[in-house]
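S.K.: below are the sequence and a predicted model; questions follow.
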Amino acid sequence: MGDLRGALMRNWPEYNKKLIQRAEIYIEEGLVEKCKKELKKLNKKKEGKPFQYANCLIKILAIVKIKYLLSYRGTIGLLGSFAKILCSQIKIPDYSVLFRRMNNLELDLYETTSDLTEPLFISIDGSGLRADQGGSWIQKRFGRKKKRYLKIIFAVDIKSKRIIELAVTTDKTHENKRFRGIVRRASSKHTLDKVAADPGFDDFRNYELLHRKKIRAAIKPKNNSNPHYNWPRYDKRKLYRQKQVLLYQKYSYKTWKQKTGYNYRTLSESVFSAFKANYGEGVYSKKFRYARQEVLWKAYTYNLSR
């Protein structure tokens with residue numbers, strides 16, 4: 001009944017427009033001239049063989065590859081066919097050049113979120129991606145008992161549902177160790193108003209950092225938290241977490257999450273769901289360095305579709 005009611009209340013023209021927008025690729029006017037200018041700038045004072053392909057062209061090829069789940073050779077074949085028909089002035093690189101340039105290009109998510117000028121309410125959460133695509137036969141043949149996973153931690157803007165900052169680690173590293181780095185990088189480019197996170201990030205050092213940067217915290221304390229244990233007179237850095245624990249125990253859970261805005265944290269889970277639905281639940285790269293760059297490219301492409 002709830003699904004039917006939601007379907008009837010949905011603005012279908014707007015919803016259809018968003019679905020179409022997800023498959024669009026923005027190619028600005030004057031691409032050829034922009035590539036020529038960028039190449040000239042890249043090759044200025046460069047020693048050795050000059051660059052033949054501009055970064056803007058590599059980004060377009062990478063976005064097409066990620067968005068439509070193509071291989072490197074498939075991407076070159078598809079774009080090469082269109083280049084012959086639409087714009088023969090653009091030279092398409094081969095797959096090995098595309099691989100090297102994609103994995104060595106410095107990406108900045110701020111390019112896709114620079115229009116967010118208001119103070120942001122972000123949610124930080126983590127999920128997993130398969131790093132080993134081998135099936136049961138591979139495990140039986142080569143004796144692999146456990147599949148490898150990568151952990152991805154996203155800082156998601158609640159309003160626009162775009163990925164503001166991210167971190168990629170192995171499954172041996174706890175997500176909480178990347179919280180403070182994400183907050184520092186995100187706050188250096190955006191004005192943060194509030195940060196929401198689950199009990200896995202309930203650490204006094206996280207509260208201390210948020211207080212120092214004047215960011216409100218909406219982190220759920222662990223259920224067994226004792227506000228009177230190790231009282232802050234022994235360690236003043238724990239004062240900010242103790243205040244949050246007292247506030248959490250003062251109200252019911254429903255009232256507390258409404259007052260702090262913690263109920264909006266679940267929106268980050270919907271971003272993970274959309275991210276995996278569009279780009280798969282694993283990474284095809286074998287080395288960690290390339291896998292991290294692959295996740296960054298996927299997040300970059302995801303933001304452009306929002």
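M.R.: Okay, I see it. Numbering: from 1, shown residues only.

S.K.: how far is the helix or strand harbouring residue 244 from where the chain is centred?
M.R.: For residue 244, the element it lies in under DSSP states H and E is helix 239-250. The chain centre lies 30 Å from the centre of helix 239-250; the measure is C-alpha atoms, centre = their mean, to the nearest Å.

S.K.: same check on stretch 174-190?
M.R.: On C-alpha atoms, centre = their mean, the centre of stretch 174-190 falls 12 Å from that of its chain.

S.K.: likewise stretch 67-75?
M.R.: That offset, for stretch 67-75, works out to 20 Å (C-alpha atoms, centre = their mean).

S.K.: what do you get for stretch 247-254?
M.R.: How far stretch 247-254 lies from its chain's middle: 31 Å, per C-alpha atoms, centre = their mean.

S.K.: got it, and stretch 56-71?
M.R.: Between the centre of stretch 56-71 and the centre of its chain there are 17 Å (C-alpha atoms, centre = their mean).

S.K.: again with stretch 252-268
M.R.: Centre-to-centre, stretch 252-268 and its host chain are 22 Å apart (C-alpha atoms, centre = their mean).

S.K.: what average pLDDT does that stretch get?
M.R.: Averaged across stretch 252-268, pLDDT comes to 91.

S.K.: in it, what counts as buried?
M.R.: Within stretch 252-268, the residues scored as buried using 16 or more other C-beta atoms under 10 Å are 256, 257, 260, 261, 262, 264, 265, 267, 268. Bear in mind the C-beta positions are built from the backbone N, C-alpha and C, glycine included.

S.K.: ok, now stretch 274-292?
M.R.: Here stretch 274-292 shows 275, 276, 279, 282, 283, 285, 291, 292 as buried, counting by 16+ other C-beta under 10 Å.

S.K.: quick check: the third one vs residue 10, distance?
M.R.: It refers to residue 279. 25 Å (C-beta to C-beta, to the nearest Å).

S.K.: which strands and helices lie in contact with the lengthiest helix in the chain?
M.R.: Using DSSP state H to define each element, the chain has its longest helix at helix 288-304. Secondary-structure packing of helix 288-304 (3 or more C-beta pairs under 8 Å, 6 or more residues apart in numbering; DSSP states H and E): helix 55-67, helix 95-104, helix 110-113, strand 149-157, strand 163-170, helix 267-279.

S.K.: in CSV, could you pull the C-alpha coordinates for the following helix or strand past the fifth one?
M.R.: Read that as strand 163-170. Using DSSP H and E, the helix or strand that follows strand 163-170 in sequence is helix 179-189. Only the C-alpha atoms of helix 179-189 are listed here, as CSV (Å, rounded to 0.1, in the frame of the first residue of the first chain):
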residue,chain,number,x,y,z
PHE,A,179,36.9,9.9,9.7
ARG,A,180,39.2,12.8,10.7
GLY,A,181,41.0,12.9,7.4
ILE,A,182,37.7,13.1,5.5
VAL,A,183,36.4,15.9,7.7
ARG,A,184,39.7,17.9,7.4
ARG,A,185,39.7,17.6,3.6
ALA,A,186,36.0,18.3,3.2
SER,A,187,36.1,21.4,5.5
SER,A,188,39.1,22.8,3.6
LYS,A,189,36.9,23.1,0.5
